[in-house]
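Novice: build me a structure from this.
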Amino acid sequence: MEVIYRLGSATAAEVAEHLVDPPSYSAVRTMLSILETKGHLRHENRGNRYVYLPVVSRSKARRQALHDLVRTFFEGSPKDAVVTLIEEKGRQLSAEDLAEIRSLIDRTAKPGR
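Specialist: Reported below is the predicted structural model:
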């Protein structure tokens with residue numbers, strides 16, 4: 001999906017070309033077919049090739065994936081997910097990142113929000 005989002009659309013060969021350690025062409029086609037069956041991709045016929053396109057925007061897919069991750073691994077608690085990210089060893093948030101997070105928390109905590 002990352003390759004499709006980055007390129008906007010791609011054939012199976014283009015997806016394989018952009019993977020670090022690509023599986024066989026057949027495996028890439030199978031993976032794309034599964035993603036299409038699950039409703040993540042659609043394809044268009046261009047000449048004798050299928051060109052795959054995302055069905056939902058990257059931001060919507062990102063939000064859904066994060067929602068699923070929080071539900072599955074953090075018992076639905078966004079707080080626990082955020083704490084895990086912040087406390088991860090070896091990860092250092094910049095002063096700018098922390099300021100942006102604080103600002104977002106302040107805006108979200110305001111009454112009427």
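Novice: what's the spacing between residue 28 and residue 84?
Specialist: Taken as CB to CB, to the nearest Å, the spacing of residue 28 relative to residue 84 amounts to 32 Å. Glycine gets a C-beta too; all of them are placed from N, C-alpha and C.
Novice: who's more crowded, these two?
Specialist: Using other CB atoms under 10 Å as the criterion, residue 28 and residue 84 rank with residue 28 on top: 20 against 12.
Novice: what lies in contact with the helix or strand that contains that one?
Specialist: Secondary-structure assignment from DSSP states H and E places residue 28 in helix 25-37. Outside of helix 25-37, the residues within contact range by CB atoms under 8 Å, 6 or more residues apart in numbering are 1, 12-13, 15-16, 19, 22-23, 41-43, 50, 52.
Novice: try it again at 6 Å.
Specialist: Contacts to helix 25-37, defined as CB atoms under 6 Å, 6 or more residues apart in numbering, come from residues 12, 15, 16, 41, 52.
Novice: show me where the protein has its helices.
Specialist: Taking DSSP state H as the criterion, the chain carries its helices at 2-7, 12-17, 25-37, 58-73, 78-87, 95-109.
Novice: and the fourth one, which residues are buried?
Specialist: The one in question is helix 58-73. Of the residues in helix 58-73, those buried under the neighbour-count criterion (16 or more other CB atoms under 10 Å) are residue 70.
Novice: cool, the second one as well?
Specialist: Residues 12, 14, 15, 16 are the ones in helix 12-17 that count as buried (16+ other CB under 10 Å).
Novice: let me know the closest of these to residue 110.
Specialist: Proximity of the buried residues of helix 12-17 to residue 110 was ranked by CB to CB; the top entry is residue 15 with 43.8 Å.
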